[in-house]
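Trainee: Provided below are the primary sequence and the corresponding predicted coordinates.
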Amino acid sequence: MKLIYQHILSFLIVILTSVMIIGFSTINYQKEQAYQSNYTRLESYAENLSTLQLYSKKTQSKNSPPFFSADFLQKFSFVMRDENLKLFLMDKNFKTTYPLGGYDILKKSAKSMLKKGQVVRIKDDHSSEQQDLAPKVQGRVKRDGLRKRINRLFAAESYTWVVVPQVQGSGSNKKVVGAIMIGSRVKDVLQTVSQAKANLARALVITFVVSLILNFILAYYQTGRIKKLSLAARKVADGDLDVQVDHRHADEIDDLAENFNEMVRSLKASNEEVKAQEERRDQFMQDVAHEMRTPLTTINGLLEGMKYDAIPEESIPESIDLMSRETKRLIRLVNENLDYEKIRSGKIQMMKSQFNAWTIMNDVQQQLTQNAAKNGDKIILDAPEDLPVYADQDRFKQMLVNLTQNAIQFTNNGTITLRGRRFQHGATFSVQDTGIGMTQEQSKYIFERFYKADPARARYGGTGESGLGLSIVLSLVRQHGGEIKVISKPHEGSTFMITLFDQGHEKHYDKKDKKEYKDKE
C-alpha cells in the first residue's frame, strides 16, 4: 500500500473511532436521560392522581384504597390514551381493580418493594432482564371476550412502567393500601434517542466525507515532500551531487531533508577529495618515475662509459662518487615510502622516554647546516639548554629533520630558526623559515601524502623529493598524542609548530580523527 493511502486510512480510523465513541456515549446518555425524564413524568401523574379527592359516594373502609369516580377514571383514561399511556389501579394485595379486577401481574420482588413504600420502575416489560411483571398474563384468561380485553391492555408493544404505592395514615400508622401503575410505550420514550441516532448517522457521513478530503490534502502534502527526497536520492544515485532539497526546519521531514543535504555535500566533498587524491597520486608517480629515471640514467651512462673505456682514468673516482650519490638518492626515495607506510599503519613501535630535547635540536642544527649553506641559508637554534620532553628520541629527531629539510627546500638566502619552549605538562617546538611561504589553500593540503606546495622547486636542496616528509611528521606527532599546525603567508615564510605532551597527558585520536590535515582546520 502506498504511503498516501496509509496516511488517509490511519487518519480516517482515528477520526471515525473518536466520532463513534463520542456518539455512542452521547446516545447512551440521552437514552438514560429519556428514561429518567419519563419515570419522573409517570410518577408525577401517579402522585397527582393519588392526591385527588374525587372519591365515589360509597363509604370506604378504613384499610381500603381510595376509589375514584367512574366519570373521573373515564376522563383520565381518555387523556392518557391521547398520550399513549396505560393505567392500572391495584388493591392492598396488589391485584388489579381497574380496568379489570383480580389479576396479579406483579412479581414478588416488586410487591416487596411496594410494601416498603418504594416506587417500582420497569424500563422494558418485554426485556428478559425485567422480572417485575408476571409472564404471560393472557395465558391465565379462559374466556375469549376477556382475552381480547386483556390483549388490548397488554399489547405486543413494550412499555415502561412505574408502580407507586398508595399510603394511608401518618407516622408509625402508615399502611400501604394499594398502588397506581402507569406506563408509556418504550418507542415513545426513545423517540428522542432515535432522532439522536439519525443525527449521529448524518454527522458520521459528513465527518467521513470532510475527513477524507482533508486527509487526502494533508497526506498528499506530506507524501509530496517525501517524493522530493526520493527524487533527489535517485539523482544522487545517478551521480548528480549538486542536488539540494528545500526545507524550512518545521518537522522531522525537514530534519531528514537537512541531513540529506549534508550527506550530499559530504559525498561531493569526498568525491572531489578522491579526484584530487588521484591526481596527486598520478603526479607522485610521475615525479617518482622522473626522480628514479634521472639517477638510473646517470648510473647506467657511467657504467657504460667505464665498460667501454670512454671515461678517462683520472675521472673514474669522480664518476664512482657520482654513482654513489645517485644510488643513495634512490635508496632514500624508497626508504621514505616504506617508512611512511609503516608509520601510517602503526607498525612501528614507539620507545618513549623523557630526555633533553636541546641535545637533539643541536644535532639537527649541526647535521643540516652544510646542506642549508648550499642555498645560502642559516640555521639558528633558539631553545634553553635544559628542555625536557617525553617522546621517542629517534622519531623526535626524524620530525625535526623533516621539518628543517622542508624549510631548506623552500628557502634561499634566508634564515631557519629551531625553537623550543617548555610549558606545564608538555613542550612546543617550531621550525620557522623566511622562504616563499604558502597560500591558505596550500596550507590545507600541506600534510597530505604526495602533496607538493611548489612542484617546480621540489628538488631544491636535495630532499623532500617524494612529498612524504610532512605526512610522516603528521603521523608521528599523532602517534605521540601531540598536535601540529602551520602558519604561513606567501613570500613571508612558514612556521611549523609541534606540541608534545608529558606522560599521562597525551591526546587520543580515534580512527576518524586520523584524516587529512585539512579536516582539522
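Mentor: Here it is on my side, so go on.
Trainee: below-threshold pLDDT in the stretch 151-300 of the chain: ranges please.
Mentor: Counting by pLDDT under 70, the ranges of the stretch 151-300 of the chain that qualify are 151-156, 250, 280, 283-284, 287-288, 290-291.
Trainee: hey, where'd the strands end up in it?
Mentor: In the stretch 151-300 of the chain, the strands defined using DSSP state E, counting those that start in this stretch lie at 159-168, 175-185.
Trainee: and the last one, how far out from the chain middle?
Mentor: Distance of strand 175-185 from its chain centroid, counting by Cα atoms, centre = their mean, to the nearest Å, is 68 Å.
Trainee: could you export that strand as PDB, CA atoms only?
Mentor: The C-alpha coordinates for strand 175-185 follow below in PDB (Å, rounded to 0.1, in the frame of the first residue of the first chain):
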ATOM      1  CA  LYS A 175     -50.100   1.500  55.700                       C
ATOM      2  CA  VAL A 176     -49.900   0.600  52.000                       C
ATOM      3  CA  VAL A 177     -53.500   0.200  50.900                       C
ATOM      4  CA  GLY A 178     -53.000  -0.100  47.100                       C
ATOM      5  CA  ALA A 179     -50.900   1.100  44.100                       C
ATOM      6  CA  ILE A 180     -51.200   3.000  40.900                       C
ATOM      7  CA  MET A 181     -49.400   1.600  37.900                       C
ATOM      8  CA  ILE A 182     -48.900   3.900  34.900                       C
ATOM      9  CA  GLY A 183     -46.900   3.000  31.700                       C
ATOM     10  CA  SER A 184     -45.900   4.500  28.400                       C
ATOM     11  CA  ARG A 185     -44.600   2.900  25.200                       C
END
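Trainee: buried sites along stretch 225-238?
Mentor: Arg225, Lys228, Ala232, Val236 (16 or more other Cβ atoms under 10 Å). C-beta here means a position set from N, CA and C on the backbone, and glycine is covered the same way.
Trainee: ugh, wrong one, I meant stretch 374-384
Mentor: Residues Asn375, Asp377, Ile379, Ala383 are the ones in stretch 374-384 that count as buried (16+ other Cβ under 10 Å).
Trainee: now the residue lying closest to Ala310 once chain neighbours are set aside: which helix or strand?
Mentor: Nearest residue to Ala310, sequence neighbours excluded (Cβ to Cβ, 6 or more residues apart in numbering): Glu304, at 7.3 Å. Assigned by DSSP states H and E, Glu304 belongs to helix 252-307.
Trainee: and for Ile343?
Mentor: Per DSSP H and E: helix 316-344 holds Ile343.
Trainee: helix or strand right after that helix?
Mentor: Moving toward the C-terminus from helix 316-344, the next helix or strand (DSSP H and E) is strand 352-356.
Trainee: and that following strand, what's its mean pLDDT?
Mentor: Averaged over strand 352-356, pLDDT sits at 93.
Trainee: likewise stretch 32-44?
Mentor: Across stretch 32-44, pLDDT averages out at 88.
Trainee: equivalent analysis for stretch 402-417, please.
Mentor: Throughout stretch 402-417, pLDDT has a mean value of 92.
Trainee: between the two ends of it, what distance do you get?
Mentor: In stretch 402-417, first residue to last residue: 14 Å (Cα to Cα, to the nearest Å).
Trainee: report the distance from it to the chain centre.
Mentor: Centroid displacement of stretch 402-417 relative to its chain, using Cα atoms, centre = their mean, is 54 Å.
Trainee: now stretch 28-47
Mentor: The chain centre lies 55 Å from the centre of stretch 28-47; the measure is Cα atoms, centre = their mean.
Trainee: pull out the buried positions in that stretch.
Mentor: For stretch 28-47, by 16+ other Cβ under 10 Å, it's Gln30, Lys31, Ala34, Tyr35, Asn38, Tyr39, Arg41, Leu42, Glu43, Tyr45, Ala46.
Trainee: so the third one touches Ser194, yeah?
Mentor: No. Using Cβ atoms under 8 Å, Ala34 and Ser194 do not qualify as a contacting pair, with a distance of 10.0 Å.
Trainee: secondary structure class of Thr369, three-state.
Mentor: Following DSSP: H, G, I helix; E, B strand; the rest coil, we place Thr369 in the helix state.
Trainee: so for it, what's the pLDDT?
Mentor: Per-residue pLDDT puts Thr369 at 91.
Trainee: and for it, the neighbour number?
Mentor: Residues near Thr369, counting by other Cβ atoms under 10 Å, number 13.
Trainee: just to revisit the earlier point, so which of the buried residues of stretch 28-47 are in helices?
Mentor: In helices, judged by DSSP state H, the following of the buried residues of stretch 28-47 are found: Gln30, Lys31, Ala34, Tyr35, Asn38, Tyr39, Arg41, Leu42, Glu43, Tyr45, Ala46.
Trainee: need the contact list for the residue nearest to the spatial centre of the chain.
Mentor: Residue closest to the mean C-alpha point of the chain, counted by Cα atoms, centre = their mean, is Glu252 at 7.2 Å. By Cβ atoms under 8 Å, 6 or more residues apart in numbering, no residues touch Glu252.
Trainee: ditto for the one 4 residues further on
Mentor: The contact partners of Leu256, taken as Cβ under 8 Å, 6+ apart, are Leu229.
Trainee: check Asp392 too.
Mentor: By Cβ under 8 Å, 6+ apart, Asp392 lies in contact with Met350, Met351, Lys352, Ser353, His480.
Trainee: can you say which of those residues are buried?
Mentor: Neighbour-count burial (16+ other Cβ under 10 Å) applied to the contacts of Asp392 gives Lys352, His480.
Trainee: how long is stretch 430-440 end to end?
Mentor: End-to-end distance of stretch 430-440 (Cα to Cα): 19 Å.
Trainee: could you do stretch 101-121 as well?
Mentor: 22 Å.
Trainee: check which residues of that stretch are buried.
Mentor: Buried residues in stretch 101-121 (16+ other Cβ under 10 Å): Tyr103, Ile105, Leu106, Lys107, Ala110, Lys111, Met113, Leu114, Val119, Val120, Arg121.
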